[in-house]
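Engineer: give me the fold of what follows.
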Amino acid sequence: MATPAVPVPSTFSRRLREDAAHAREHVLLTALLGSPFLPRVVRRLLLNAAGARAESAPGPGFSLTGDPRNLSVARGVYFNRGTTIEAIAPVTIGANAAIGMQVLIMTSHHAIDADGRWSDTATGRPVVIEDRVWIGGRATILPGAHIEHDVVVAAGAVVTGRLLAHGVYAGVPAKRIRDLAGADPATDRTATA
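Structural biologist: This next block holds a predicted model:
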């Protein structure tokens, strides 16, 4: 006797469910959480109620997509206006970091095969931003980036790979352009891109 076929949802119904989930995510994690009419303390409480581990509140215009449980924000973090975080994979922001205006932090990655075809299924790559990092306005932090402690990322920079401690990074992709006090030339000079 043949087993009955399991019905496969139509593309229409699958996309309709995806659209409904995105709308719910937008209302809760962007429109409400990013509202300039809410005090920061309320934004932090809402973020934690959604499942994040936040000891600091996001600024106005904040937008979060993905799973709030993937977001961890330490004490003393300052978010300027319009920060966007995509938390498909874990995003960790260390203590006393400063995130500039309209910074974008992304975790979703689409693999490309040898023939140049990209996968339509996103996989997550975690992002780590350690303590005392200052990220300038409109910088983009790409999936898998790791920014070590005491780093300055210039406005408009695109961060890939690992940025080593005690340095200033600028450009596309971001490269170390200057050492900061406390740098150890033997270990802090070379960052991977």
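
Engineer: give me the nearest residue to Pro60, chain neighbours excluded.
Structural biologist: Nearest non-adjacent residue to Pro60, counting by C-beta to C-beta, 6 or more residues apart in numbering: Pro36, 3.8 Å away. Backbone N, C-alpha and C define where each C-beta goes, glycine included.

Engineer: whoops, Ala145 was the one
Structural biologist: Closest to Ala145 by C-beta to C-beta, 6+ apart is Val159, at 4.7 Å.

Engineer: count of neighbours near that neighbour?
Structural biologist: By other C-beta atoms under 10 Å, 27 other residues sit near Val159.

Engineer: give me every residue that touches Ser35.
Structural biologist: Neighbouring residues of Ser35 by C-beta atoms under 8 Å, 6 or more residues apart in numbering: 43, 60.

Engineer: just to revisit the earlier point, number of nearby residues for the residue nearest to Pro60?
Structural biologist: Residues near Pro36, counting by other C-beta under 10 Å, number 10.

Engineer: so it sits against Arg43, correct?
Structural biologist: No. Between Pro36 and Arg43 there is no contact under C-beta atoms under 8 Å: 10.0 Å.

Engineer: quick check: bridge partners of the residue nearest to Ala145?
Structural biologist: Per DSSP bridges, the residues bridged to Val159 are Ile141.

Engineer: residue ranges with poor pLDDT in this protein?
Structural biologist: Low-confidence segments of the chain (pLDDT under 70): 1-9, 183-193.

Engineer: that one: helices as residue ranges?
Structural biologist: Counting by DSSP state H, the chain has helices at residues 11-26, 40-49, 185-188.

Engineer: by contact count, what packs against the second one?
Structural biologist: Going back to what we said before, that points to helix 40-49. On a contact count with 3 or more C-beta pairs under 8 Å, 6 or more residues apart in numbering; DSSP states H and E, helix 40-49 meets strand 53-54.
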